[in-house]
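Enquirer: Here you go, sequence then predicted model.
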Amino acid sequence: MKLVVGLGNPGQKYLKNRHNVGFMTIDKLLERNNIDINREKFRAGIGEGRIAGEKVILMKPLTYMNNSGMAVLDCANYYDITPEEIIVITDDIDIPWGSIRIKQKGSAGSHNGLKSIIYHLNSQNFPRVKVSVGKKLPQMDLADFVLSNFSQDEQKILDLEIEDAARAVEMLVEDSIEEAMNLYNGVNHSEL
């Protein structure tokens, strides 16, 4: 069983924020794999189903970004899921706009949602799919930037990133992380 966690903030006001691309990717996975988030458990919206024959739990934590690790830990403990079987989808301001980046493990960098997960799991050893949300202007506050919405032009490129991220997660569920990294790391839709 794999746990796929999309990071974001719950509530209508955050729906289209840059910080919510993890939730957006979960929505794409739900659609592509005919799964519904049909209950709240572990302080999260939960949907169970199958991707490529593998049982999966798709999760949107309802704890707000900075406490995402609480929901992840509760679910992982309940189902006895190891960090290596958890796939986290998150926004990223450091990779080029138009791209996603798949990593097998690593530090949180400046991302508070990842910091929370690493802290609660006491491990960095979980794969993650990072979705670029663009670069903030130097004079702009980081929190203001990640809580802002995409422009109409940006949305077209974001849709391609979300599609790539969903397909990459499906490959990770099948334990094809190297293949997914080779296929998607380096693709940049803003340069096409």
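Expert: Happy to help now that I have it.

Enquirer: Nearest residue to Asn112 in space, ignoring adjacent ones along the chain?
Expert: When the adjacent residues along the chain are set aside, Asn112 lies closest to Asn66, with 4.6 Å between them (Cβ to Cβ, 6 or more residues apart in numbering). Heads up, the C-betas are built off the backbone N, CA and C, glycines and all.

Enquirer: Just give the number of residues close to the residue lying closest to Val133 once chain neighbours are set aside.
Expert: Nearest residue to Val133, sequence neighbours excluded (Cβ to Cβ, 6+ apart): Arg18, at 3.8 Å. Residue neighbour count, defined by other Cβ atoms under 10 Å, stands at 23 for Arg18.

Enquirer: the strands in the protein, which residues?
Expert: Counting by DSSP state E, one finds strands in the chain at the ranges 2-6, 39-41, 44-51, 54-61, 86-92, 100-103, 128-132.

Enquirer: chain center to the second one, what's the gap?
Expert: Using Cα atoms, centre = their mean, to the nearest Å, the distance from the centre of strand 39-41 to the centre of the chain it belongs to is 19 Å.

Enquirer: residue closest to the middle of this structure?
Expert: For the chain, the residue nearest the mean C-alpha position is Ile89 (1.4 Å; Cα atoms, centre = their mean).

Enquirer: Help me confirm that Lys60 comes into contact with Ile37.
Expert: Yes. Lys60 is within contact range of Ile37, at 6.6 Å (criterion: Cβ atoms under 8 Å).

Enquirer: contacting residues around the closest residue to Val131 other than its chain neighbours?
Expert: Of all residues not flanking Val131 in the chain, Val21 sits nearest, at 4.3 Å (Cβ to Cβ, 6+ apart). Residues in contact with Val21 (Cβ atoms under 8 Å, 6 or more residues apart in numbering) are Gly8, Ile89, Thr90, Asp91, Val131, Val133, Leu158, Glu161, Ile162, Ala165.

Enquirer: was I right about the first one contacting Thr25?
Expert: No. Between Gly8 and Thr25 there is no contact under Cβ under 8 Å: 9.3 Å.
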